[in-house]
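Undergrad: model the structure of this input:
(2 chains)
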2 protein chains.
Amino acid sequence: MRELTVELGERSYPIYIGQGILTNITALFDRAKLSRKSPLLIVTDESVAALHLERVLTLLREGGFAATACVVPAGETSKSLAQLEGIVTAALQAGLDRSSAIVALGGGVVGDLAGFAAASFMRGIRFVQIPTTILAHDSSVGGKVAVNHPMAKNIIGAFHQPELVLFDIDLLMTLPLRDVKAGLSEVIKHGLIWDAAFTQWCDENADKLLALDPEALSYALYIGCQVKAIVVSQDERENDLRAILNLGHTIGHALEAVAGYGELLHGEAISIGMVGAAKLAQQFGYSEDIHTVTKGLFVKFGLPVSIPPHLDTDMIMSAMMHDKKFKEGTMVYIIPTEIGKVEIRKDVTTEQVRQIVDLLKGEK
Amino acid sequence: MRELTVELGERSYPIYIGQGILTNITALFDRAKLSRKSPLLIVTDESVAALHLERVLTLLREGGFAATACVVPAGETSKSLAQLEGIVTAALQAGLDRSSAIVALGGGVVGDLAGFAAASFMRGIRFVQIPTTILAHDSSVGGKVAVNHPMAKNIIGAFHQPELVLFDIDLLMTLPLRDVKAGLSEVIKHGLIWDAAFTQWCDENADKLLALDPEALSYALYIGCQVKAIVVSQDERENDLRAILNLGHTIGHALEAVAGYGELLHGEAISIGMVGAAKLAQQFGYSEDIHTVTKGLFVKFGLPVSIPPHLDTDMIMSAMMHDKKFKEGTMVYIIPTEIGKVEIRKDVTTEQVRQIVDLLKGEK
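TA: Numbering: from 1, shown residues only, chains lettered A, B, ... in the order given. Coordinates of the predicted model:
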């Protein structure tokens, strides 16, 4: 079992990564001082519930915890205020109190929804993340939780750090290959923004990662979480540094919005976005190699590197203008300066981004 | 103009109290470094909008702020997730960004709703309180914001401190007498828990306060806010000391719930609750005088001191058991030990409280 700590003063918490570690769930809950006197509520979705819920409930109950579950439909549409209200109903019916915890068992959608429920129920109770996707290595670290509004993603939320993250590699073995690839996209991103050696390692271990080799996967998730933890520790509330985690996300979010959520997975959309950011880097005088390496890496992982031609450039640009990362009209953009390093630029013009979007439509 | 600061480290903020100070709104917003580049959203209710909204909008716009308004129906039912969604819609349409602020113009309902919107929109933007009721001197200080769930009041919320509180006494002049009395109930509470001299002062100045004498009212609100500010500064998240602010609230909340919100105003319900707590104090060996003085004070202010006989004791007790202040089955109760001092007791039994409820039905 690998372990690392997200350093946030009194809000610090551990991340445990390893194969089969779910078996130790009650010991890890004890280490986090979760209360056996107060009920726990597990929030999960229908897909994950079918695979893992009974086992988690049994392990917790055998360990002396009073656990009940609230199951929401699978998919992004569950990140809604209506589902939040449903979770609060379940929490009240289960008798949760201020010493209770909400446990998110699932991917990013469940983590964001359950996390916001934990952040706002009784003005904040404790929260545990048990991610069941590779992508969730990203969303489960850092405390950003939210639900969507019909007009905007993640616009209603909070910063609420979990007590612990329990990442059992075994839970990832049933993931469809497309989700594996899309999840690895964020892992690769953590290399591109922070760690050139890890980027190299990803390139060399692509086959193992795609085949879900437990040791390779465990290591990649450990490094991915570590990079995120370092960044979040230095800037919990995204005042400055944390923005670097958005590499590829400006174009990525716009593509998700225009394609309609589902056509492009998040990891696929930001893969295209990171290739775009690498292309943009050339305009600021940085090496062409960044684009070559970035694009090569995503191609190797079977991830898309070009914008589907049927997506309209005007609509992509318009979606970007609504993105909440625009501050007082200024466009903030994350640009790689070399592999493993990025900078936050505030001088990128809409016109430059439009050119990149057009270029990305032609990338092969 | 009176001014005091709620000391909360980097979340410290000023409270301004005085007659006619709304005229200085843009100067006070400048002092709080609110941005003219980012739109402001004023949240208010239909009743307050009819009286004050145009003037506030005009003052802000003439001062160079881009302000728009979102008007919700008056009353407790607006503290809902549905209204939260409506405010977020308005915020998105008005183009609010991370440097924007939401301004609550109204009483406790508007403050709680708008405050939770500010706490969760984009995971937290800035927030200003312009209270228009006496009661709101309490709710506008301390950062507790929330909406209701059909099964429980204030159960979905956050701790989110405002940038400033602007309390213009002129806005209180149109309040109905019943709301004046109910609002003064929380003012008196702040004396009872913290300041015997102020309790004495309230007793001597009851007529002036009930007649809305600007100088007396301004002083009373100043002291009320000051007591709350001191308590909140020492315990922002209600781990211990802050619980003393709940004097009278255990029975009070239960009475509100059983009577149906509206029959008893909050200030009326806690007036009865404070008389009950004073009675309970005798059982723990404290002086009978506490009860005599407390009851006399509330009678002088025209506030109720007995439970309406048609309210069922079992239902009151059952409502109390659902109150979120019960932690792991233990009953926490705030008891006065003398006028101006209280203690947090954890050994109060359900049976003792039931006796007090029965006694309160007979108080004349």
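Undergrad: my guess is residue A:305 contacts residue A:273. True?
TA: No - between residue A:305 and residue A:273 there is no contact under Cβ atoms under 8 Å: 10.2 Å. Quick note: C-beta positions are derived from backbone N, CA and C, even for glycine.
Undergrad: more neighbours, those two?
TA: residue A:273 (27 against 20; other Cβ atoms under 10 Å in any protein chain shown).
Undergrad: enumerate every residue touching that one.
TA: Neighbouring residues of residue A:273 by Cβ atoms under 8 Å, 6 or more residues apart in numbering or on different chains: A:247-252, A:255.
Undergrad: go on, residue A:21?
TA: Per Cβ under 8 Å, 6+ apart, neighbours of residue A:21: A:1, A:28, A:166-168.
Undergrad: quick one: is whichever strand or helix holds residue A:319 near chain B?
TA: Residue A:319 is part of helix A:313-321 when elements are defined by DSSP states H and E. No - counting by Cβ under 8 Å from any Cβ of the partner chain, chain B is not contacted by helix A:313-321; separation bottoms out at 10.1 Å.
Undergrad: count the neighbours of residue A:358 for me.
TA: Neighbours of residue A:358 under the rule other Cβ under 10 Å: 12.
Undergrad: mind checking how far it is from chain B?
TA: Separation of residue A:358 from chain B (Cβ to the nearest Cβ, to the nearest Å): 27 Å.
Undergrad: same check, this time on residue A:260
TA: Look at residue A:260 and chain B: by Cβ to the nearest Cβ, they are 19 Å apart.
Undergrad: between the contacts of residue A:21, which is closest to chain B?
TA: Nearest to chain B, judged by Cβ to the nearest Cβ, of the contacts of residue A:21 is residue A:28 at 21.6 Å.
Undergrad: give me the pLDDT value at that closest one.
TA: In this prediction, residue A:28 carries a pLDDT score of 98.
Undergrad: contacting residues for it?
TA: By Cβ under 8 Å, 6+ apart, the contact list for residue A:28 reads A:16, A:21, A:164, A:166.
Undergrad: helix, strand, or coil at residue A:17?
TA: Following DSSP: H, G, I helix; E, B strand; the rest coil, the label given to residue A:17 is strand.
Undergrad: re earlier: so which of the contacts of residue A:28 is surrounded by the most neighbours?
TA: Most neighbours among the contacts of residue A:28, by other Cβ under 10 Å: residue A:166, with 27 neighbours.
Undergrad: helix, strand or coil for it?
TA: Put simply, residue A:166 is strand when judged by three-state DSSP.
Undergrad: for residue A:241, which non-adjacent residue is closest in space?
TA: Nearest residue to residue A:241, sequence neighbours excluded (Cβ to Cβ, 6 or more residues apart in numbering or on different chains): residue A:235, at 4.1 Å.
Undergrad: show me where the stretch 251-364 of chain A has its strands.
TA: In the stretch 251-364 of chain A, the strands defined using DSSP state E, counting those that start in this stretch lie at A:333-338, A:341-345.
Undergrad: just name the most buried of these.
TA: Mean neighbours per residue, mean count of other Cβ atoms under 10 Å in any protein chain shown, is largest over the strands of the stretch 251-364 of chain A for strand A:333-338, with a mean of 21.
Undergrad: distance from stretch A:305-312 to the middle of the chain?
TA: The chain centroid and the centroid of stretch A:305-312 are separated by 23 Å under Cα atoms, centre = their mean, to the nearest Å.
Undergrad: for stretch A:166-174, buried residues please.
TA: By neighbour count on 16 or more other Cβ atoms under 10 Å in any protein chain shown, the buried set for stretch A:166-174 is A:166-169, A:171-172.
Undergrad: got the domain boundaries for chain A?
TA: Listed by automatic domain parsing, the domain ranges of chain A are A:2-172, A:177-362.
Undergrad: rewinding a little: could I get the buried residues of stretch A:166-174 as CSV with distance to residue A:309?
TA: Shown next, in CSV, are these (distance: Cβ to Cβ, whole Å):
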residue, distance to residue A:309
A:166, 42
A:167, 38
A:168, 40
A:169, 38
A:171, 37
A:172, 33
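Undergrad: tell me, how many residues neighbour the residue nearest to residue A:159 when sequence neighbours are not counted?
TA: Distances taken as Cβ to Cβ, 6+ apart place residue A:143 nearest to residue A:159, at 4.9 Å, with adjacent residues excluded. Using other Cβ under 10 Å, residue A:143 has 22 other residues around it.
Undergrad: cool, and residue A:236?
TA: With neighbours defined by other Cβ under 10 Å, the count for residue A:236 comes to 18.
Undergrad: so for the residue lying closest to it once chain neighbours are set aside, what's the pLDDT?
TA: Nearest in space to residue A:236, with sequence neighbours left out and distances taken as Cβ to Cβ, 6+ apart, is residue A:8 at 5.9 Å. Predicted confidence (pLDDT) for residue A:8: 90.
Undergrad: measure residue A:8 to residue B:162 for me?
TA: 25 Å (Cβ to Cβ, to the nearest Å).
Undergrad: looking at those two, which is more packed in?
TA: Neighbours per residue, other Cβ under 10 Å: of residue A:8 and residue B:162, the larger number sits with residue B:162, 30 against 16.
Undergrad: the more buried one against residue B:144, yeah?
TA: No - look at residue B:162 against residue B:144 with Cβ under 8 Å: they stay out of range, at 11.3 Å.
Undergrad: so what's the residue nearest to residue A:236 up against?
TA: Residue A:8 is in contact with A:161, A:232-233, A:236, counting by Cβ under 8 Å, 6+ apart.
Undergrad: repeat that for residue A:203.
TA: Contacts of residue A:203 (Cβ under 8 Å, 6+ apart): A:296-297, A:300.
Undergrad: just the buried ones from those residues, in PyMOL syntax?
TA: In PyMOL syntax, the buried subset of the contacts of residue A:203 is picked out as below (16+ other Cβ under 10 Å):
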select buried, chain A and resi 297
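Undergrad: could the contacts of residue A:203 go into TSV alongside distance to residue B:205 and pLDDT?
TA: Converted to TSV, those look like this (distance: Cβ to Cβ, whole Å; pLDDT from 0 to 100):
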residue	distance to residue B:205	pLDDT
A:296	79	97
A:297	75	97
A:300	79	98
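Undergrad: if we can go back for a sec, among the domains of chain A, show me which one is buried the most.
TA: Among the domains of chain A, domain A:2-172 has the highest mean neighbour count (mean count of other Cβ under 10 Å), at a mean of 21.
Undergrad: got the end-to-end distance for that domain?
TA: 16 Å (Cα to Cα, to the nearest Å).
Undergrad: and if you look at stretch A:252-271?
TA: 8 Å.
Undergrad: any idea how far it is from the chain center?
TA: On Cα atoms, centre = their mean, the centre of stretch A:252-271 falls 14 Å from the chain's centre.
Undergrad: repeat for stretch A:130-137
TA: Relative to its chain's centre, stretch A:130-137 lies at 8 Å (Cα atoms, centre = their mean).
Undergrad: contacts made by that stretch with the rest, please.
TA: With contacts defined as Cβ under 8 Å, 6+ apart, stretch A:130-137 is touched by A:22, A:48, A:51-52, A:56, A:103-108, A:111, A:129, A:139-140, A:165-168, A:171-172, A:175, A:179-180, A:182-187, A:217, A:221, A:224-225, A:228, A:266-267.
Undergrad: near chain B too, which of the residues you listed?
TA: Answer for the contacts of stretch A:130-137 near chain B: none qualify (Cβ under 8 Å from any Cβ).
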